[in-house]
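Peer 1: got a sequence here, can you build the structure:
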Amino acid sequence: MYIIGQALPKRDKLGIHAVVEHLCLEILALAVKGAFQSRQIKLETLERLRVQIEILKHLVRSEQELGVITERTYLRLAEQLIEISKMTNGWIGYTQKGA
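Peer 2: Numbering: from 1, shown residues only. Have a look, this model is predicted:
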């Protein structure tokens, strides 16, 4: 996301894309936090992670619709976000089974 932002006009880089970059960092932080939490408290963090990923998906789609990023870039990011979402949902399922 950071590299994509370097090529954007200042208005977009400091606008919607800044929110996207911040959300990516928050998602990374939640994933690391969830990895180190005990199983009993992990589920709440993972649920928040799932919501943040969905918000990110919608923001990236909005970036494409507004012409901030190209369709090619959007399709690549969307594919990666879908995979991240699947892994997170699997992680949540695994955590719930053990609870």
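
Peer 1: might you report the residue contacts of the closest residue to V20 other than its chain neighbours?
Peer 2: Excluding the flanking residues, the one nearest V20 by CB to CB, 6 or more residues apart in numbering is L59, at 5.2 Å. (C-beta placed from N, C-alpha, C; glycine too.) Residues in contact with L59, defined by CB atoms under 8 Å, 6 or more residues apart in numbering, are 16, 19-20, 23.

Peer 1: now L59: how far from I41?
Peer 2: Applying CB to CB, to the nearest Å, the value for L59 to I41 is 28 Å.

Peer 1: go on, L8?
Peer 2: Computed as CB to CB, the L8 to I41 distance reads 38 Å.

Peer 1: so between the two, which is more surrounded?
Peer 2: Applying other CB atoms under 10 Å to L8 and I41 shows that L8 carries more neighbours, namely 17 against 10.

Peer 1: surely that one meets L66?
Peer 2: No: L8 is beyond contact range of L66, at 11.3 Å (criterion: CB atoms under 8 Å).

Peer 1: mind jotting down where the strands sit in the chain?
Peer 2: Listed in chain order, the chain contains no strands at all (DSSP state E).

Peer 1: neighbours of L43, how many?
Peer 2: Counted with other CB under 10 Å, residues neighbouring L43 total 17.
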